[in-house]
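Asker: attaching a predicted model along with its sequence, questions to come.
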Amino acid sequence: AMACARPRSGPHAIAAETLRRLPDLDALIDSATRQRLPDDAKARSALRIALVQALALGTPPHAAISTVLPLVDGGPRKLVHGVFGTLMRQQATLPEVPTLPATVADRWRAHWGDAVVEAAARAFAAPPPIDLSFADPAKATLDAPSLASGHQRVPAGSDIAALPGFAEGDWWVQDLAASIPARLIGRGTGSALDLCAAPGGKTLQLAAAGWDVTAIDISESRAARLRENRERTKLPFDIRIADVREWAPDAPADAVLVDAPCSATGIFRRHPDVLYRAHAHVIADMAALQARILDRAATWVKPGGTLVYATCSLEPEEGEAQIARFLDAHPDFATRAARADELPAGVAPTPDGWVRTLPETLETVGGCDGFFVARVQRASA
């Protein structure tokens, strides 16, 4: 995303911070009400908004309460005023590390263990740093740390458009983990398909690496971002608006990148709302869609060619289990293990040769999104 500095006030900041702090805000509200307010009560929503401003965003309490009282009238107005006043007098605080939504914490604990859940809560506390991918690694000369070839990391809230090289199209914003799939395809001069391509970071990487790229995305509005990025970077690639469940290329490709639609639970640091939307049925629906797309994409890989599958999800059903199913169903494909020298410093391949980034990955240097990436190769004819 080409976001500029993240505002510390305004509707977006209030909404994002409320979602980061929801279980803790609700615990405070419940501690100060005799009868539990329904989850969807207007009074609860108003209190969440007032409390997050006063306790997390530095708004003076009188200003925080005055913004929400117009949202409620009658008895609820008195209740909101009373509960807020009580909590302010008690000098209520929010914990330094937010509490994750219980269903998500339980699910991740079962899959990954306590350490990952604790790291996820720490990662949830603040917006993450911003990663830049450079078309030409030689131009990665900003005064900022680098964790991989052609990568630099700038602080959260940086004014992106004001950084050197933005207007010239030297780089684009792309989380470090999101850069791994194209890194596993590497440099080449053959044909490459990037499926579900928008907003286009991976497409730009493949074009910069020499591939003859066709980017496919179902959404015309999302493809507008692809076009903007193409114009700014001057990197050559074709764009097709199509549903990959129905579309097919004219000829098989040397490399196919499937960054499949998913629950997106891996990008919760930037988009806290995903944790409240990724219910079990959503994960199951996404896994079914991924399987359909992967099985079609397999037929578009030349013999000897490479397919890279990726999801920005922390759910094994959308990662490890998905690629295991694929390899069972397609005996002409085998994992081509990722090598440490292809990956960012501090990211290691799994024993299966895949890549799994977790909330604790690179935590000491700012972390990265939760991703699963697997590279498989089709047998030569």
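Answerer: Yes, it's here. Numbers count the residues shown, from 1 in each chain.

Asker: list the buried ones in stretch 213-229?
Answerer: Residues 213, 214, 215, 216, 217, 218, 223, 225, 226, 229 are the ones in stretch 213-229 that count as buried (16 or more other C-beta atoms under 10 Å). Where C-beta positions appear, they are placed from N, C-alpha and C, glycine not excepted.

Asker: could you tell me which of the residues you listed belong to helices?
Answerer: Residues of the buried residues of stretch 213-229 located in helices (DSSP state H): 223, 225, 226, 229.

Asker: tell me the contacts of the first one?
Answerer: Read that as residue 223. If a contact means C-beta atoms under 8 Å, 6 or more residues apart in numbering, then residue 223 has 198, 217, 239, 241 as its contacts.

Asker: which among the residues you listed end up buried?
Answerer: Buried among the contacts of residue 223 by 16+ other C-beta under 10 Å: 198, 217, 239.

Asker: can I get those in CSV with distance to residue 306 and pLDDT?
Answerer: Output for these, formatted as CSV (distance: C-beta to C-beta, whole Å; pLDDT from 0 to 100):
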residue, distance to residue 306, pLDDT
198, 22, 84
217, 21, 94
239, 22, 95
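
Asker: all strands for the stretch 51-200 of the chain, in order.
Answerer: 130-134, 151-154, 171-173, 191-195 (DSSP state E, counting those that start in this stretch).

Asker: for residue 292, find the nearest of those.
Answerer: strand 191-195 (11.7 Å; C-beta to C-beta).

Asker: which helices and strands does that closest one pack with?
Answerer: Judged by 3 or more C-beta pairs under 8 Å, 6 or more residues apart in numbering; DSSP states H and E, strand 191-195 is in contact with helix 201-208, strand 212-217, strand 253-259, helix 280-298.

Asker: how about the lengthiest strand in the chain: buried residues?
Answerer: Using DSSP state E, we find that the single longest strand of the chain is strand 301-311. For strand 301-311, a neighbour-count test (16+ other C-beta under 10 Å) marks 301, 302, 305, 306, 307, 308, 309, 310, 311 as buried.

Asker: please apply the same query to stretch 117-128.
Answerer: Judged by neighbour count using 16+ other C-beta under 10 Å, the buried positions of stretch 117-128 are 117, 118, 119, 120, 121, 123, 124, 127, 128.

Asker: cool, and stretch 146-155?
Answerer: Across stretch 146-155, burial judged by 16+ other C-beta under 10 Å covers 146, 147, 148, 150, 151, 152, 153, 154.

Asker: would you agree residue 126 is in contact with residue 156?
Answerer: Yes. Taking C-beta atoms under 8 Å as the definition, residue 126 is a contact partner of residue 156 at 7.0 Å.

Asker: picking that back up, format the buried residues of stretch 117-128 as TSV; extra columns: pLDDT and distance to residue 175.
Answerer: Below are the buried residues of stretch 117-128 laid out as TSV (pLDDT from 0 to 100; distance: C-beta to C-beta, whole Å):
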residue	pLDDT	distance to residue 175
117	97	21
118	97	21
119	97	16
120	97	16
121	97	19
123	95	12
124	92	16
127	87	12
128	94	8
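
Asker: in TSV, list the residues you listed along with distance to residue 322.
Answerer: Output for the buried residues of stretch 117-128, formatted as TSV (distance: C-beta to C-beta, whole Å):
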residue	distance to residue 322
117	22
118	26
119	23
120	21
121	26
123	24
124	25
127	29
128	25
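
Asker: farthest-apart pair in the residues you listed, please.
Answerer: Maximum pairwise distance in these, criterion C-beta to C-beta, is 19.9 Å, between 117 and 127.

Asker: gap between the residue nearest to residue 200 when sequence neighbours are not counted and residue 188?
Answerer: Nearest non-adjacent residue to residue 200, counting by C-beta to C-beta, 6 or more residues apart in numbering: residue 226, 4.1 Å away. Applying C-beta to C-beta, to the nearest Å, the value for residue 226 to residue 188 is 21 Å.

Asker: what's the answer for residue 87, then?
Answerer: As judged by C-beta to C-beta, residue 87 and residue 188 stand 59 Å apart.

Asker: got it, and residue 213?
Answerer: 10 Å.

Asker: quote the end-to-end distance of stretch 262-281.
Answerer: With C-alpha to C-alpha, to the nearest Å as the measure, the ends of stretch 262-281 fall 12 Å from one another.

Asker: ok, and for that stretch, which residues are buried?
Answerer: Going by neighbour count (16+ other C-beta under 10 Å), the buried part of stretch 262-281 is 262-272, 274-275, 278.

Asker: which two among those are spaced furthest apart?
Answerer: 262 and 272 (16.8 Å).

Asker: pretty sure residue 237 is touching residue 207, no?
Answerer: Yes. Taking C-beta under 8 Å as the definition, residue 237 is a contact partner of residue 207 at 4.6 Å.

Asker: what is in contact with the two at once?
Answerer: In contact with both residue 237 and residue 207: residue 213, using C-beta under 8 Å, 6+ apart.

Asker: of those two, who's got more company?
Answerer: Counting neighbours by other C-beta atoms under 10 Å for residue 237 and for residue 207 shows that residue 207 has the greater number, 25 against 22.

Asker: which non-adjacent residue is nearest the more buried one?
Answerer: Leaving aside its sequence neighbours, residue 207 sits nearest to residue 235 (C-beta to C-beta, 6+ apart; 4.0 Å).

Asker: residues contacting the residue nearest to residue 200?
Answerer: Residue 226 is in contact with 197, 198, 199, 200, 203, 215, 217, 239, counting by C-beta under 8 Å, 6+ apart.
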